[in-house]
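Enquirer: Quick check, what structure comes out for this input:
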Amino acid sequence: MMDLLLSFDLATDRDTRELGARLAKVVRAGDCLALRGDLGAGKTSLARGLIRAFLNSDTEVPSPTFTLVQRYQPDPDERPDAPELLHFDLYRLESPDDVWELGWEELDEVISLVEWPDKAGPNLSPRSLDIHILISGDHRRAHLSASPTTTWKSRLNDF
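Expert: Take a look at the predicted model:
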């Protein structure tokens, strides 16, 4: 069971990227962010905002639609203890067990952003922060949910 923790209106793509940037301040190794929403909802925009803020860089953040996973390593001079960040797009997976070919075994050591998390099936971390972006006309709204057994509620308390 997931508890709804927060909801945000996302009037623009910039709002979506800024939500990602805010999340970059609270993520840590072992975190999995499950990015849900229809095609064009803004999952990659949110990931882009988080990755750029986490890296403190305007690095190019392409959608991993064809590569399935993109790896990002923070600058060791700026953040020597920061974990690697993996951005997955599971849309094209045929079986949940295909995630094991993408570096899934590393999830406890990295920060992972997972687009189309349902494709991971039972392999998705029960500690995930679920971010569901809903579209209604020109309006977008993000709902952040997590299991009550996770630390997400306390970490997002002052969000």
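Enquirer: Got the phi and psi for Arg17?
Expert: Arg17 adopts backbone torsions of phi -60, psi -40, taken as degrees, to the nearest 10.
Enquirer: Can you name the residues that contact it?
Expert: For Arg17, the contact set (Cβ atoms under 8 Å, 6 or more residues apart in numbering) comprises 45-46, 48-49, 52. For glycine as for every other residue, the C-beta is placed from the backbone atoms N, C-alpha and C.
Enquirer: out of the residues you listed, who's nearest Ala34?
Expert: Leu46 (11.5 Å; Cβ to Cβ).
Enquirer: ok so, going back, could you save the contacts of Arg17 as CSV and add columns showing secondary structure, neighbour count and distance to Leu5?
Expert: As requested, the contacts of Arg17 are exported to CSV (DSSP: H, G, I helix; E, B strand; the rest coil; neighbours: other Cβ atoms under 10 Å; distance: Cβ to Cβ, whole Å):
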residue, secondary structure, neighbour count, distance to Leu5
Ser45, helix, 25, 20
Leu46, helix, 28, 16
Arg48, helix, 23, 22
Gly49, helix, 24, 19
Arg52, helix, 19, 23
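Enquirer: pLDDT and distance to Leu10 for those residues - can I get that in TSV?
Expert: Formatted as TSV, the contacts of Arg17 follow (pLDDT from 0 to 100; distance: Cβ to Cβ, whole Å):
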residue	pLDDT	distance to Leu10
Ser45	92	9
Leu46	95	8
Arg48	93	13
Gly49	95	11
Arg52	92	17
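Enquirer: which one among those gets closest to Tyr72?
Expert: Using Cβ to Cβ, Arg52 is the member of the contacts of Arg17 that sits closest to Tyr72, with 9.5 Å.
Enquirer: need the contact list for the closest one.
Expert: 17, 21, 58-59, 61.
Enquirer: In this protein, what residue spans correspond to strands?
Expert: Applying DSSP state E to the chain gives strands spanning 3-9, 32-36, 69-72, 85-89, 111-115, 129-136, 139-146.
Enquirer: ok, back up a step: could I have the buried ones of the contacts of Arg52 as ChimeraX selection syntax?
Expert: To isolate the buried members of those in ChimeraX, using 16 or more other Cβ atoms under 10 Å:
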select :17,21,61
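Enquirer: Helices - which of the contacts of Arg52 land there?
Expert: Secondary structure defined by DSSP state H assigns 17, 21 of the contacts of Arg52 to helices.
Enquirer: what's the burial count for Tyr91?
Expert: 15 (other Cβ atoms under 10 Å).
Enquirer: nope, Glu106 is what I meant
Expert: For Glu106, the neighbour count with other Cβ under 10 Å is 13.
Enquirer: Fine, thanks again, bye for now.
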